[in-house]
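> Whatever this is, show me its structure:
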Amino acid sequence: MTETVDTSRRFVRVLETRPNGLVAFEFSIGWPELAVELMLPPAAFAEFCAVNRVIRLDTPPGPDPRPTGETGDTA
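Purely as a prediction, here's the structure:
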């Protein structure tokens, strides 16, 4: 049996925003489990997502990936 793949479906999973500002992410077409890792500046990443009409697959909430002491809290 052959599985039909919808190549119009594009997926992005953000992995991290690196200290230098680049957004590290996985991009896939058709199969979300088969991806390539890419890095782009934030503005280019936003444009990439818009042009490709991606479905976001960001990881579920879990431990904060930022180093200790960088919580982003302003309080």
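> only C-alpha atoms for contact and neighbour calcs from this point on.
Fine.
> Okay, now the unreliable bits of the protein?
Low-confidence segments of the chain, defined by pLDDT under 70, are located at 1, 59-75.
> Show me the strands in it, by range?
In order along the chain, the chain carries the following strands (DSSP state E): 10-17, 23-29, 36-40, 55-56.
> Direction included, what does the last one pair up with?
Sheet pairing for strand 55-56, assigned by DSSP bridges, gives strand 10-17 (parallel).
> In the strand it pairs with, which residues are buried?
Of the residues in strand 10-17, those scored as buried under the neighbour-count criterion (16 or more other C-alpha atoms under 10 Å) are 10-15, 17.
> Repeat that for stretch 43-58.
Neighbour counts over stretch 43-58 (16+ other C-alpha under 10 Å) mark 45, 49, 54 as buried.
> do the same with stretch 22-37
Under the neighbour-count rule (16+ other C-alpha under 10 Å), stretch 22-37 has 22-29, 32, 35 buried.
> Return that stretch as PDB; C-alpha atoms alone will do.
Extracted in PDB, the C-alpha atoms of stretch 22-37 (Å, rounded to 0.1, in the frame of the first residue of the first chain):
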ATOM      1  CA  LEU A  22      19.200  33.500  14.600                       C
ATOM      2  CA  VAL A  23      16.100  31.300  14.800                       C
ATOM      3  CA  ALA A  24      17.000  27.600  14.600                       C
ATOM      4  CA  PHE A  25      14.100  25.500  13.200                       C
ATOM      5  CA  GLU A  26      13.100  22.300  11.400                       C
ATOM      6  CA  PHE A  27      11.400  22.600   8.100                       C
ATOM      7  CA  SER A  28       9.500  19.700   6.400                       C
ATOM      8  CA  ILE A  29       7.300  19.200   3.400                       C
ATOM      9  CA  GLY A  30       4.600  16.500   3.400                       C
ATOM     10  CA  TRP A  31       5.900  14.500   6.300                       C
ATOM     11  CA  PRO A  32       6.500  16.500   9.500                       C
ATOM     12  CA  GLU A  33       8.700  13.800  10.900                       C
ATOM     13  CA  LEU A  34      11.200  14.100   8.000                       C
ATOM     14  CA  ALA A  35      12.800  17.500   8.300                       C
ATOM     15  CA  VAL A  36      15.900  19.600   7.700                       C
ATOM     16  CA  GLU A  37      17.400  22.000  10.200                       C
END
